[in-house]
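> can't give you the sequence, but here's the structure:
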Ligand SMILES: Nc1ncnc2c1ncn2[C@@H]1O[C@H](COP(=O)(O)OP(=O)(O)O)[C@@H](O)[C@H]1O
Ligand SMILES: [Mg+2]
């Protein structure tokens, strides 16, 4: 299994790139945000538990997120690899992911970060909010809160993966296909 973590702030382009990368490399794309939103929409037990956190732009607690993530991975026992999008977002989640992948005889091959400035990202998210129906994209204050969450809880993951020699940063500004090309270069050289 070639497991890739797509890393980056909200709006960095993870979901957009994943659509191309999953086809190109025959990977299973798991977006934790998409899974949560599906559960919210269908008013499942998981959705009910996650709603308050998501609507405020806060992270859903680690335990709930990790349980959901493992359930998703287990749905694809024969995959070539997983493209993780939106997970891990905290050190504790990264440790849980490592422990889980080890338990199934696998590992994270690389963490690829899409980099872009906050000001550009806020514009992208407000734009996305016009059509996505996502409550957390429609209010600048909630968007800023997500960046604060990112800086406090998610940014430390860069050194976590750097220490393992698995961290690759890619310029996230450019056309969508230019960025796919940059990410592909990393994957092709693993
Ligand atoms: N390379 C890009 N250039 C300009 N806009 C982009 C680019 N990649 C994605 N976007 C736009 O930015 C927004 C956020 O992208 P998305 O892939 O949903 O980000 P993420 O999954 O990282 O939150 C989307 O509305 C998308 O159309
Ligand atoms: Mg996304």
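In hand now; what should we look at? Quick caveat: nothing in here was measured; it's all calculated off a predicted structure. Ligands and ions are numbered 1, 2, ... in the order given.

> which residues in the chain form strands?
Per DSSP state E, the chain carries strands over the ranges 3-7, 28-31, 82-85, 108-115, 167-171.

> show me what counts as buried in the helix ranked longest in the chain.
Ranked by residue count and defined by DSSP state H, the top helix of the chain is helix 118-132. Within helix 118-132, the residues scored as buried using 16 or more other Cβ atoms under 10 Å are 121, 122, 124, 125, 128, 129. (Each C-beta comes from the backbone N, C-alpha and C, glycine too.)

> could I get these as JSON lines with pLDDT and distance to residue 151?
Output for the buried residues of helix 118-132, formatted as JSON lines (pLDDT from 0 to 100; distance: Cβ to Cβ, whole Å):
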{"residue": "121", "pLDDT": "96", "distance to residue 151": "12"}
{"residue": "122", "pLDDT": "94", "distance to residue 151": "14"}
{"residue": "124", "pLDDT": "95", "distance to residue 151": "18"}
{"residue": "125", "pLDDT": "96", "distance to residue 151": "16"}
{"residue": "128", "pLDDT": "95", "distance to residue 151": "20"}
{"residue": "129", "pLDDT": "94", "distance to residue 151": "21"}
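
> can you redo those as TSV with distance to residue 4?
What follows is these, written out as TSV (distance: Cβ to Cβ, whole Å):
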residue	distance to residue 4
121	21
122	26
124	22
125	23
128	23
129	27
